[in-house]
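K.L.:
Structure for this input, please:
(2 chains)
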Amino acid sequence: MKIYKIHYLLVLCSLLLLASCEKEGEIVVKNVKALKPFDMRGYVVGDTLEQYFDGNKIRDCYGKVTLGYAKPELAFTNDELLMQFKNKRTKELVYEQKFSIKDADNVVPKFFYDGVKLSDKYEYPTAQGNDYLVNFYFDAPKGLEAIDIATDILEYYFDANNQLVIVNVTSLPIATGVKPGKWTPYYTLKPPPTLNPTQAGTDFYPVISLKNSKTKKYVINNNAYESAIQMEIPDQWTSQGKTQSMHIQGKINSLKAYYFEVNDLVQY
Amino acid sequence: MHNSTKINVIKLLLAMTRFAFLVTIVSITLTGVLMAAEVKSQDINKVKVTLALKNNTLAELLKNIEHQTSFTFTFAKQIGDKKLDAFLIKERSLADVLKELSSIKRLKFTQLGSLIAISELPVPPKPGRISGKITDEMGGALPGASIKIIETGAVVQSDPDGSYSIKLQPGTYTLEFSYISFQTQRVTAVVVTENQNTSLNIALKIASSGLKEVVVTSSYKKASIASLYKLQQNTSNLSDGISAEQISATPDKHVGETLKRITGVSTTDNRRVVVRGIAERYNVSLLNGSTLPSTSVQQRDFEFNLIPTNLVENIVVAKSMTADMPYGFAGGLIQITTKSVPNENFLSFSAGTSFNSITTGKDFMGYGRGKYDYFGFDDGERNHFPEGIFNLGGFDPRLPDAQNKIKAAQVGEQNKRIGGTERLGTRIFKAMPSQNYQVSIGRSYALDSTSRKRIGFVASASYRNTQSNDEIASMRRGDWSQQPARGDDPTDVNTGNIYGFNTTMALLVNGGFKTPSHQINTYNLYTRIFDNRFSRITGWSHESPKNDSDMKFAGTAEDDRPKFTDLLQNKLSSTHKIGKVKIEWSAARTVLKSIEKDAVSASINTREIGNMAPFSFYVPNSYSDPGFGAVHRDQYTFREQNFDAILNVSYDFKIGSTSHTFKTGVNYLKKHAEYNWGILPISIGSKSTIPIAQIPIQQWGNYMDMSGPGSNLFYFPANYSLNKFEAESANKGGFVMMDHKLFSNLRIVYGLRSDYYKLDTVVNAASILGDKNSRLIFAEEKDWRVMPSANITYSPVKELNIRASYAKSAVRPGMMENSRFSRFDPDYGSQVKSSGVSSTIIDNYDAKIELFPGAGELLSVGYFYKYLDKPAEFYRLDRENNGVGYINITNSDWAKVKGWEFELRKSLGFIADKVPFLANVYLSGNLTLQKSTVRARELQVKVLADNTDSLYYTYIKHPRALYGQVPLLYNAGLQYVGKKLGLNLTYNHAGYKTFITASQPNLVEYERPRSQFDAQISYKFLKGKMESKLNMSNLLNAPFRHFINDGSTFDIIPDGVGEEWQDRFKYKFGFTEKFEEGYVDPATNRQVGDRQSSTRYLGTTFSLSLTYNL
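P.N.:
Take a look at the predicted model:
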């Protein structure tokens, strides 16, 4: 009887030992068949697009869509890759494209997504004469619900430390109470008027700056210069009109301060 | 009818009746004769039977016999039902058949003519045993003492070490112990039970009345309790220990589990031993009196879990020294003695398995495995170091062949010989439960009728496979990023795992021969360990922290160290008692060979590409950066051979009623160590067209023929990549010692030891380019040292001991502690190197008061003070001032350690006398409080006018704590020892520990306080033959957490001048040297708080084992 018990024990031990002898495991860094050049360009407003490759979500796309710091290449583990854009909110398939290992280059055609449909370009009205047409799309960071946009003419000088000192601001409103999430109508920008200096040694500099609609303070450090966005302003010598569609994305940096990423969709 | 006729008829009838009676008698007689004649012909010795039966009952067999003979059997049903496996007999007498049946089935046959009655024989009782040790009141062994068993009249004598063992039939006996000039002691009511050992240690009192015979009588219980008192009180030095009897009451399987039960001793991972809060470097472990080489090359550790507890005679931890101890220490000397001749025969099997909450059944990562990894052997897949690998010192891959000393084809040919890279790269396996098996046997044979001459052996073979996974929740040591780039980014953390795959096989064979005056033992241990430690950490480096652009995704550092170790120790030791002279000698040879085969370090880079975020790939080294580089496969071979011999002679003598011992001896320890390393960085040639990111590392070997830019990956060893360290040391010494046992309550032991130590490095090469021109400072001040020691024990009353001792001791450096070899250690995240280590000389002062309230109970208070001259420490140096530095081992100037020690062990029986359960419950606890200060120093070099270097030290004025110190340490335990059920709960707490020290507080690394809670349940089945044990360790999954006082927690002192940190910096408000997590500064979005340099979880382990004792 004892002998049998020992036999059972030995068999059990051997089974455990044999079951343990796993020699080949699953390789973690997977084999790649080929790395092929890849590029994509596009623009997204309204709703975020999610980019999927073979069913795996890789990134969110909003605003200017480029590869940025990502290396412009595709890693093929199989002969084909399926890329899909889906609306992040609705999960609706917006666009898909197949890439093949055989192709020398793989490019996503330039696209524009307005939150509803994807098209191959951004549509905008052509400016007449020397008109400067501009509309705005504002995406607000948390805590900033609406903005006022104005052409501010800064009267300034540089002090002994080469610091900009603003002595006077003349504000010409463009739009007030701009809420996030929709395009404003097109406004026609006029060349800023010529002003007389209020003190000797100053100069004038027109900017388009943003104010908090609620507090009426400039959004960044209550400073007109720091709260200005980059865009073209016509002057008295302007002879050729143009259209600008400014997408203003309000963001918060690592120091929890506002900053604005601004893109002109017409230029894009 | 007339009367005469009537009378005739009556006469006739009477005659007929007589005749009938006669005929009847004759008939009966004749029948008896006839029958007797028949029986005679059915003699069981003559009747032959043939039987060929298999798997039958006894009844069937007997029926068969009945058919063949005229005999009939009568028996009870349970006898007839007895099973017989096989019974094959041909033409054998019935008597033989019945004899055989009698022996195999324990039956008795009674013949009544042709009737044979069968009955069962009673089971004879098995003998039991009384064993123990006879000592004098001071604990000195009394060899040759007489033990008389009054009931049988038999007399035996004790062995040279005072031990005795008597085999007796079960019963109650009276024993009489006697020795010349000692009071004879008679112990009554010693109960011997079948197949059991009754332990009885006796301490005899010196006869104060000269030759007049005095016999003291006491009961067994009283005598054994008294001897327990004496055992605890009698050691000449401050020591604690655990005996085989005490170990047998615990559920411990191996010594690693038992060590932490000893007062003031704690272990890390059952390997490194901390005694009195003093780090492993200052403690020495001896197995059967000989030092064991460390199973790790750069650190001292020994896997105590190799030694099963059932082979252990005792474990003693000495905390103060006597002159006869050949190996110096500061914390403690752990002496493990294994059995050589067992008291009783035993055979035991044990099998066990364990599950870890964070390992078992989960993903288990590692590089390619070999077929025989589970058996502890390599199957050849790790053989990548053929003979004759040459270094590529004369090869520049940018130059054409014509301009190179070594041609590309030669490099390609060497690459081919080294072999492919198929084994490289991480795989995912499944972690299996740990498993262990062990068989132990002990046999003892008497060579004479009195059992005084005995020979015996114990042997044990064991196998164990353990898979572990340490989860690293935070790694911010060394080269890893020290803080998150943004304080509010919880994903900016370096995490990883350390996977351990360990197969250990051990074979232990000890044997011995004992006579009353002589004892010769041999101890032999062989172990084979395959230990594969694979660490894989993912995160950002200090040099390239996380950002939103090119360092968006974490990289991974992998380190695979498959190490095969063989350890063989053979030892012969002997004790001879010739009159009053005792001679002890021993000689041992120990060989340790360990080989790290195909140890690989590799880095995985990550980047974002179109369809993968991140995309990961292994990267080779740049051709311009020989050395270790990002990816290298290495082989490290370590061989250490030790020979040690000890000869001690002691002489016992008496002056009046006082007894004294003079002891002298010599010892010799020679060590030879050789460490070879081969480092093969894998580099990529200039202008390579190999698309390295898309080739898996397993296929790199296909691009190594050096035929052109499309195949120019190559192994790039520099001249320092293939080199070695070789050294030998000699340690010899002699001592004289006096042991005075004055009166019955005072013992004074003092002596002088002279010790010689010399280390010669034969070859001492550097392993990295930066160290090629560096030198080690090996400043051993003297070869010979004289070290006095003295111990006094005074017992004013029976229950109280007062002890005081002083000793000077020397802790010698390990062989590899003076090597110029350095290597990246993934545990520290840095290189570890030596600046030269010399001996540490320690003055130890101890005082202790012990109170013994009852048997097995203790209350003690102790104080100790140690002065360490040139203590060796691990500390972080930051010569490049980059906040990273490296780990360095070298001597500081001096250290002072002082501390208090408290201990309590008490039975709960006093709560309620009538509750026997409580008498078996013990409460124990110990507390160590200590404080240390170190004066650190830094080596400075000044170039003299004659262009030679002048070396000098600058001393750090601000004292700090000694490396490895734990200022607060306590253990609390609750133990229940029942007949069948055993329960043990232990709680261990260690306070802040200095893990790595440094001259600047912002480089010092501490371990945060940690508490571990363990529980053990054991239960005995089958009359104690089967024992099951369930161990639950680290029930609270307490992590090991380390931290560094980060630079963000201190401010510059305005107008602060001076070279040292304390002169120029001070802690910010709310921060101290202790751990403070801190906060995120909203202005900078940076963490202000202590750096959590390492947080590691081990999980909770449940292990179940079954032991069967035959």
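
K.L.:
Under the pLDDT cut-off, which ranges of the stretch 901-1050 of chain B? List them.
P.N.:
Along the stretch 901-1050 of chain B, segments meeting pLDDT under 70 span B:909-915.

K.L.:
ranges for the helices of it?
P.N.:
Secondary structure of the stretch 901-1050 of chain B (DSSP state H, counting those that start in this stretch): helices located at B:916-919.

K.L.:
how about residue A:62, phi and psi?
P.N.:
Backbone torsions for residue A:62, taken as degrees, to the nearest 10, come to phi -150, psi 140.

K.L.:
do you know how far the closest residue to residue B:586 other than its chain neighbours is from residue B:859?
P.N.:
Counting by C-beta to C-beta, 6 or more residues apart in numbering or on different chains, residue B:586 lies nearest to residue B:573, which is 3.5 Å off, once chain neighbours are set aside. C-beta here means a position set from N, CA and C on the backbone, and glycine is covered the same way. As judged by C-beta to C-beta, to the nearest Å, residue B:573 and residue B:859 stand 36 Å apart.

K.L.:
Give the burial count for residue B:495, as a bare number.
P.N.:
By other C-beta atoms under 10 Å in any protein chain shown, 15 other residues sit near residue B:495.

K.L.:
In chain B, which residue sits nearest chain A?
P.N.:
Nearest residue of chain B to chain A: residue B:427, at 3.1 Å (C-beta to the nearest C-beta).

K.L.:
one step back: more crowded one of residue B:573 and residue B:859?
P.N.:
More neighbours surround residue B:573 than the other of residue B:573 and residue B:859, with 20 against 15 (other C-beta under 10 Å).

K.L.:
Local confidence estimate at that one?
P.N.:
Looking at residue B:573, its pLDDT reads 93.

K.L.:
With adjacent residues omitted, what lies nearest to residue B:465?
P.N.:
Among residues not flanking residue B:465 along the chain, residue B:503 sits closest, at 4.9 Å (C-beta to C-beta, 6+ apart).

K.L.:
count of neighbours near the one you found?
P.N.:
Around residue B:503 there are 23 residues (other C-beta under 10 Å).

K.L.:
Each with direction, which strands does the one helix or strand it maps to pair with?
P.N.:
For residue B:503, the enclosing helix or strand under DSSP states H and E is strand B:495-514. Here strand B:495-514 is paired, per DSSP bridges, with strand B:454-475 (antiparallel), strand B:518-539 (antiparallel).

K.L.:
Would you format these as TSV with mean neighbour count and mean pLDDT included?
P.N.:
Shown next, in TSV, are the strands paired with strand B:495-514 (neighbours: other C-beta atoms under 10 Å in any protein chain shown; pLDDT from 0 to 100):
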stretch	mean neighbour count	mean pLDDT
strand B:454-475	21	92
strand B:518-539	21	93
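
K.L.:
What residues of stretch B:661-678 count as buried?
P.N.:
Buried residues in stretch B:661-678, counted by 16 or more other C-beta atoms under 10 Å in any protein chain shown: B:661-669, B:671-678.

K.L.:
pLDDT weak spots in the stretch 101-250 of chain A?
P.N.:
For the stretch 101-250 of chain A, no range has pLDDT under 70.

K.L.:
in it, what residue is nearest chain B?
P.N.:
Chain B sits closest to residue A:106 of the stretch 101-250 of chain A, with a gap of 7.6 Å, by C-beta to the nearest C-beta.

K.L.:
So what pairs up with that residue in the strands?
P.N.:
residue A:38.

K.L.:
who touches it in this structure?
P.N.:
A:36, A:37, A:38, A:39, A:74, A:81, A:99, A:100, B:610 (C-beta atoms under 8 Å, 6 or more residues apart in numbering or on different chains).

K.L.:
now residue B:750
P.N.:
B:323, B:737, B:738, B:788, B:789, B:790, B:791.

K.L.:
Give the buried residues for stretch B:1082-1093.
P.N.:
Buried residues in stretch B:1082-1093, counted by 16+ other C-beta under 10 Å: B:1085, B:1086, B:1087, B:1088, B:1089, B:1090, B:1091, B:1092, B:1093.

K.L.:
Keep only those of those residues that are also close to chain A.
P.N.:
Taking C-beta under 8 Å from any C-beta of the partner chain as the test, chain A is in contact with residue B:1085 out of those.

K.L.:
from the buried residues of stretch B:1082-1093, which ones fall inside strands?
P.N.:
Among these, the ones falling in strands (DSSP state E) are B:1086, B:1087, B:1088, B:1091, B:1092, B:1093.

K.L.:
List just the nearest of these to residue B:768.
P.N.:
For these, the residue nearest residue B:768 by C-beta to C-beta is residue B:1093; the value is 23.7 Å.

K.L.:
now the closest one: how far from residue B:493?
P.N.:
For residue B:1093, the distance to residue B:493 - C-beta to C-beta - is 12 Å.

K.L.:
Give the intersection of the neighbour lists for the two.
P.N.:
Taking C-beta under 8 Å, 6+ apart as the contact rule, residue B:1093 and residue B:493 both touch residue B:474.

K.L.:
Please identify the residue of chain A positioned nearest to chain B.
P.N.:
Closest to chain B within chain A is residue A:25: 3.1 Å, counting by C-beta to the nearest C-beta.

K.L.:
Go ahead and confirm that residue touches residue B:427.
P.N.:
Yes. When contacts are counted by C-beta atoms under 8 Å, residue A:25 is listed as touching residue B:427 (3.1 Å).

K.L.:
Find residues that contact each of these two.
P.N.:
Shared contacts of residue A:25 and residue B:427, defined by C-beta under 8 Å, 6+ apart, comprise B:365, B:366, B:369.

K.L.:
out of these, which are inside strands?
P.N.:
Mapping the shared contacts of residue A:25 and residue B:427 onto strands (DSSP E) picks out B:365, B:366.

K.L.:
can you narrow the shared contacts of residue A:25 and residue B:427 to ones near chain A?
P.N.:
Among those, proximity to chain A is found for B:365, B:366, B:369 (C-beta under 8 Å from any C-beta).

K.L.:
who's in contact with the second one?
P.N.:
Counting by C-beta under 8 Å, 6+ apart, residue B:366 makes contact with A:25, B:426, B:427, B:429, B:499, B:501, B:532, B:534, B:560.

K.L.:
who's it bridged to?
P.N.:
Judged by DSSP bridges, the bridge partners of residue B:366 are residue B:427.

K.L.:
For the chain, which segments are assigned as helices?
P.N.:
You didn't say which chain, so I picked chain A. A:2-20 (DSSP state H).

K.L.:
That was the other one, I meant chain B.
P.N.:
Counting by DSSP H, one finds helices in chain B at the ranges B:3-41, B:58-68, B:77-80, B:94-105, B:220-234, B:244-248, B:255-258, B:408-418, B:916-919, B:1061-1064.

K.L.:
The first one - what's its average pLDDT?
P.N.:
I take that to be helix B:3-41. Averaged over helix B:3-41, pLDDT sits at 47.

K.L.:
got the contact list for residue B:564?
P.N.:
Residues near residue B:564 by C-beta under 8 Å, 6+ apart: B:376, B:377, B:378, B:528, B:529, B:530, B:594, B:595, B:597.
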